[in-house]
Every structure is written in C-alpha cells, then in structure tokens.
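Q: Return atomic coordinates for the entry below.
(chains A and B)
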Amino acid sequence: MADIVLDKVSKRFPDGTVAVQDVDLEIADGEFVILVGPSGCGKSTTLNMIAGLEDISSGELRIAGQRVNDKAPRDRDIAMVFQSYALYPNMTVRENMAFPLRLAKLDRATIDAKVDEAAKVLELTPLLDRKPANLSGGQRQRVAMGRAIVRQPKAFLMDEPLSNLDAKLRVQMRTVVSRLQKQLGTTTVYVTHDQTEAMTLGDRVVIMRGGAVQQVGPPQELYDHPRNLFVAGFIGSPSMNFLHAAVSEGRLRTALGDVPVGDRLRRQLEGADAPRELILGIRPEHFEDAELIDEETRRRGMEFDAPVDIVESMGSDKYVYFTIEGERATAAELEELAADAGAADFAGAGSSLVTRLSAESAAREGENRRVWFNLDKIHLFDPSTGRNLTLHEGRAAGALAD
Amino acid sequence: MSINATPTGADVAADETATRSGGRHAAVPAQRTGRRAKAPLSENKRAERRLGWLLCAPAALVMVLVTAYPILYSVWLSLQRFDLRFPDQREFIGLENYTTVLSNQFWWTAFGVTALITVVTVAIELVLGMGLALIMHRTLVGRGIVRTAALIPYGIVTVVAAFSWRYAWTPGTGYLANVFDGSAPLTERASSLAIVMLAEIWKTTPFMALLLMAGLALVPEDLLKAASTDGATSWQRFTKVMLPVMKPAILVALLFRTLDAFRVFDNIFVLTAGGNETSSVSMLAYNNLIRGLNLGIGSTMSVLIFITVAIIAFVFVKMFGTAAPGSDDGERR
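A: Numbers count the residues shown, from 1 in each chain, chains lettered A, B, ... in the order given. Below is the predicted model:
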C-alpha cells in the first residue's frame, strides 16, 4: 500500500519524440486511478514508467514517498497486469501465480497458502493444474490478476487488462476488477482507451492527449464539467454534439437557431481578442421531445424543428438522429477524436445531431420533429484553444449564467 | 533438411544421403497413425486424397531415386564381401561385415573421437550461439552489420577455412603456431582434436546463433516485462522465462547441429587427414570405401553411421519432444 506521485514526469525517446510531457499526478493510497486517452496519447508509456519498464527522461516518480526513478521494476514492489496477460506458457496456473512468491524466496507452505487464497478469490481453484494454453480468455485474465494480487504489492498497474475479452465478458470482468480493488484497497493505476471502462471503474480519471494530461477528476465531474473540447468529446457515449456557432450582437447563431447568452459570457465575448466563432456542445440527453415537457422546463431551454434521420429505440429511451443544415464545427481536437473513433474519412454532408429522447416520444423516421434542448447544459468552446468558455470556477454554468 | 554440407565430394555421397533422410524418417510415422483409424472416406474425400498422392508423386519419385535407392544399395553392399581389389571373391555373407566392424578397435576409436567432437562442439556452440543470438537480438544500432559480420564464418567454404586453420598452425609460417613458440600442435592427438573442434565451433556457431535467434523472436516482450515486475533478475528472466519458451527452438538447433557434427569430415580431412587417431567415423568410412576400395566394409560403416544418426534424431524427437521440422504440432505447450 502506498501513494504514487508523478512530479513533472516526461519521456523523450532518442529520436526526439516526446511521448509524455510534464505529467503531474498524485495518486492517493488505495485510490483507483484510470489513465485514458486515444492510442498514442502516452498513457501506456506513463504506466511503464511507473512500473520501471521505461526510463524516466525527466521529473521524479515517488512511490510511498520514496524516489524510485532509478530503481529496477523488481525493487519497486508493484504488480502489473498486461493486455496479453503475459502468462508463462511453460508453467501451470499454480506455478504462474506462485512465480513472484518463489522469486521472493518465500517458503513452500506460505506460497501454497497464498496461491490457494488468491485462487479462491478469483474462482481459479479447479484450474490450478492447467497450463495457460488450455484456458479461455477470461480464465487467463483471472490468472493474470491472481499473479498480481498474490504478492500483496504496493500498487497494481493494469495495462488494458480487459481489451482482449469479448464485450459481454468485459462487462462482467469490470465488476470483478472493481470489487477486487475495493476489497484489497490497493492503489491501482489502470490504463484503457475505453471511456466506458474509465467512467465505471475509477475513483478518478486522468484524460491524456498527445502526452499531456487534459483533465483529472472523478468521472462525473469530467462528464459534467469538461475543461476543454477534447475531454468533452472523449467522455460520453454517444458523444457530445458539436455545432458551429457564430457570435453576433450578443447572440450565437447556430443551426438550431439563435442562442441567447448570459451576462458573464457576453462580457467574455465582448473583449477585443475574443473569438468570433465558437463551438457549441450539447450532450444527447439534454434534448427532449418538445411535446413531452412542461412549461417550467420549457422556459429553461429552446426549441427547433428538424427532420428525423434515424430512430434507435433502446427500450428505456430513444436515440433519435437529426439531420442539421449548416456549417460543421471544426477543430484539431474534433478531428483527432474522429480519427480515434475510426470515422475520420466518414462524414456526410451537413451534420448529424444525436439526441436521447424519452421512450414515449413519437418521433418517426422521415418526419419533422420539434425538439427542445436545455440551455443550462450547453458548453461553448473556443475552437482555437479548445477551452471551455462556460466553465466558471471549474463548473460548467451553461450559456445563460450571469 | 540440413543446409550444412559438411562432408563434401561424391565419395561420401551414400553416407550423406543416408544421414540426410534420417531426421525425416523419424517424423513420418507419428503423423500417419492418427489418420488411419477414421471412418470410410466419402467419394469426395477419396478423390481429394488421390489428387494429393498425384501431386506428391513427382517429389516422392525423386526422393526414391536419390535417397531410398542409395540407402538400400549401401545396405545391400554391406551384406556382401566386396573388395574391388579382389572382385572375384564377391559373395553374400549376411551380417559378417557388421561383426568385423563392430569388433574392430579402429571403428570404436573413430566412434569415440566423433562422439567427443560432437558433444564438445555442440555444447560450446550452444553457449556461444546463445550469447551471439542475444547480442544480435538486442542490438539496436548497426543491426544489419552485426548480423552480417557474425555470419561470415558460416559463409566460408569449410575446406577453405580448414586450410587457413592448417596454415595458421603450421610451425614456422603460421601466425598461430608462432604465438605458441613454433610448436606443431597438429602432430599430436589431443591438440589436433582441439584444433579440429576449434575450427568446427568457429564455423558453425553463427548457424546455431541464427537458429536460436529465431527462437528468441518467439519470446513475447510482455512476458519479460511481466517477469521483471514479478521480481526476476535478468538471469532469472533468462533461465525461467526465456529458455523454457525457447525450448522448442533450442532442441531443433541442437538436433541439427548434433546430426551435422556427427558427420564431421572435411575439417579432419584437411587438418590431420585422420592421423594420430583423429579419424571420425565418416573419415574411416571414406578411407575404407575410396582409399581401400572395400565396398563391403565401407558400406557397412556408412549404414552404421546412418543408424546412429537416426537414433540421435529419434531420441531428440521422441524423448525430448523436439518438434520435427515441418510437422504441424510445432507449438507444443
């Protein structure tokens, strides 16, 4: 058990590329922290530096208050779980789990007791004498976890441990990992590219992009109060809608109509160097079928008409896609997010708007529908810096705030 | 199978072909037995199998001509008294030649020399080859140059290399002999054998390294990372993770090298010509067959070499579980 502190940790490769840049992070004892970001954002490199598998180019890494920059992995007392599981193919499940204990020169009886205990926790007891080749993906994953917990290390490091599992098993193992971590109370750093895993598992989430930390915070805070365009677009599924918004006479001209802005935002937009073009972001659940809302709610938002493109009924609610005319929102962050989602080359004319409406909504494909959206929940971003302009003292305040 | 043609010249052709097929023969029965027990084949399957045989036929025919025929012919010769100096006395004598050879002290001396050379050279080559493979695997800069440089000895014709070793150890003119005060090591048994082994090791270590490097590529990087976080030192990572995972590749490398080493001929031929009891079994067979013109005894020796090599291959494949080259179940865990 220990806390982990990254103090301006950077990683530069010999060819000059900077994989990780000045990462500051304090991970408290027993905390479950998720590093998340698109591929190539430096999350795995950061994890490898904590493990000691990669050298730290500059900065300081402290585990339990002790500087460990120059310590070998085996002297850091950390356990790591790999995406490939990295089980020793020549050893049985028991031998795999006993391996770190044997290296630590524990006596036989202690090793057996510890392995049996860990096997019981992970329900591996009937598999102890099998070789990894004769295990299913989920079982291998559990053995890898078992090998990590058996030794009661200062911290667990997990590098996309669930990514090789099929979707159903992944959801199941997510709860296993979560329960295990709470039960053991061991500091855990978990790397993933899956924002759902990040949202569901961690006490705190660290979003990385291009080697730099974008925002650190509890999942809900990142979701509600994204500091910038990248965080806003990365967290959430389906992701936030982004629309082009032109600033004109104290209002925002958008494809959904003219959006009024509150005093605070207006003052911000009146400055000489204030951007004339903005990106407006709204999450799908902040839309509602205009027929289904009461007057009280109606006043806090705005309505618009648009043709329904596709309706996906999820049972509990409906995802309704609208076709919106007008300019697309463009920014480097958005392109990067699209590329990560594999949709960089897939962009029809006009933009598509994803809304999550009540299941009672009568929206049908092909017809026009009147839709309401909540002005309190709008985010406005500066396209050049990606900064969230609606944030006030760390909280998103919507467009109307005074 | 083997790329390494150690014994050269047509004179040892029979022995050569005999040994070459050794490794293969051991592998075939294991594959076949599994298929026999199946239910009667459908028409479609039968046609497919017939096509398979037809496609194999040309290769099988060539194999029979160049491998099976010489082997069978030398077995046939070995069962006869057949000395070209006394062609009139040619006669079928059963296993008498085998009794003669197996009770002969020259044969057993040569056998001992061959076994010694095999064991010592293969052991040293394994250690050096592993070191070389690790270096080649880990080098980041000038990888191509390092690999090319390491492979040069293997690229040189064995006889040429053997001559250069011989001249190097020749008293008076040789640079190596001069280092050792102009002694003549090739005139004594122990030092001659040492030089033969040195020449063998120098030449074939790169081959070993190449085979082992292919094995090193099989060790996943994550496995070594996992081992280091599990607390393994670099030596423990090597012995407890790398070696077990590489075991199939190591066994294949050992098998190849053992078979090759057991047929050592050209280095001895050039360096000592078999003097001072430094003959290998191949040298002895050559001397009887070509020099002595005794086809019966020479063929007997060839057949015995073939059997020994077959036994070595069998032991490797069956007992150590070496994956026979070309078999499907190569990845056994």
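Q: Skipping adjacent residues, who's closest to the closest residue to chain B within the stretch 251-400 of chain A in space?
A: Closest contact between the stretch 251-400 of chain A and chain B, by C-beta to the nearest C-beta, is at A:Asp340 (23.4 Å). C-betas here are computed from N, CA, C, even on glycine. Beyond its immediate neighbours in the sequence, the residue positioned closest to A:Asp340 (C-beta to C-beta, 6 or more residues apart in numbering or on different chains) is A:Pro38, lying 3.6 Å away.
Q: got it, and B:Val196?
A: Sequence neighbours aside, B:Asn267 is the residue nearest to B:Val196 in space, at 5.2 Å (criterion: C-beta to C-beta, 6+ apart).
Q: who touches the residue of the stretch 251-400 of chain A closest to chain B in this structure?
A: In this structure, A:Asp340 makes contact with A:Pro38, A:Ser39, A:His193, judged by C-beta atoms under 8 Å, 6 or more residues apart in numbering or on different chains.
Q: Quick check: PyMOL command selecting the buried ones in those.
A: For the buried members of the contacts of A:Asp340, the matching PyMOL selection, counting by 16 or more other C-beta atoms under 10 Å in any protein chain shown, is:
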select buried, chain A and resi 38+193
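Q: quick check, nearest of the contacts of A:Asp340 to B:Leu212?
A: Distance to B:Leu212, by C-beta to C-beta, is smallest for A:Ser39 among the contacts of A:Asp340, at 33.6 Å.
Q: sorry, back to before: roughly how far apart are the residue of the stretch 251-400 of chain A closest to chain B and B:Phe92?
A: Going from A:Asp340 to B:Phe92 by C-beta to C-beta, to the nearest Å gives 81 Å.
Q: How about B:Leu193?
A: Spatial separation of B:Leu193 from B:Phe92 under the definition C-beta to C-beta is 38 Å.
Q: Likewise for A:Val115?
A: 68 Å.
Q: Likewise for B:Val160?
A: 43 Å.
Q: How about A:Arg298?
A: Taken as C-beta to C-beta, the span from A:Arg298 to B:Phe92 is 114 Å.
Q: Neighbour count for those two, which is higher?
A: A:Arg298 (13 against 10; other C-beta atoms under 10 Å in any protein chain shown).
Q: Can you give me every residue that contacts the more buried one?
A: A:Arg298 makes contacts with A:Ala290, A:Trp372, as judged by C-beta under 8 Å, 6+ apart.
Q: change it to 10 Å
A: A:Glu288, A:Ala290, A:Trp372 (C-beta atoms under 10 Å, 6 or more residues apart in numbering or on different chains).
Q: per-residue pLDDT, it?
A: Per-residue confidence (pLDDT) for A:Arg298: 87.
Q: try the one 5 residues further on
A: The pLDDT attached to A:Glu303 in the predicted structure is 91.
Q: and it, what element?
A: If you go by DSSP states H and E, A:Glu303 is part of strand A:301-313.
Q: Return the list of strands paired to that strand, each annotated with direction.
A: Each strand that pairs with strand A:301-313, with its direction, by DSSP bridges: strand A:317-324 (antiparallel), strand A:368-374 (antiparallel).
Q: JSON lines for those, including mean pLDDT, distance to A:Asp24 and mean neighbour count?
A: Putting the strands paired with strand A:301-313 into JSON lines (pLDDT from 0 to 100; distance: least, C-beta to C-beta, whole Å; neighbours: other C-beta atoms under 10 Å in any protein chain shown) gives the following:
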{"stretch": "strand A:317-324", "mean pLDDT": "90", "distance to A:Asp24": "38", "mean neighbour count": "20"}
{"stretch": "strand A:368-374", "mean pLDDT": "91", "distance to A:Asp24": "35", "mean neighbour count": "19"}
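Q: For beta bridges, what are the partners of A:Arg204?
A: Going by DSSP bridges, A:Arg204 is paired in beta bridges with A:Val33.
Q: Report the beta-bridge partners for A:Gly281.
A: On the basis of DSSP bridges, A:Gly281 is bridged to A:Phe242, A:His379.
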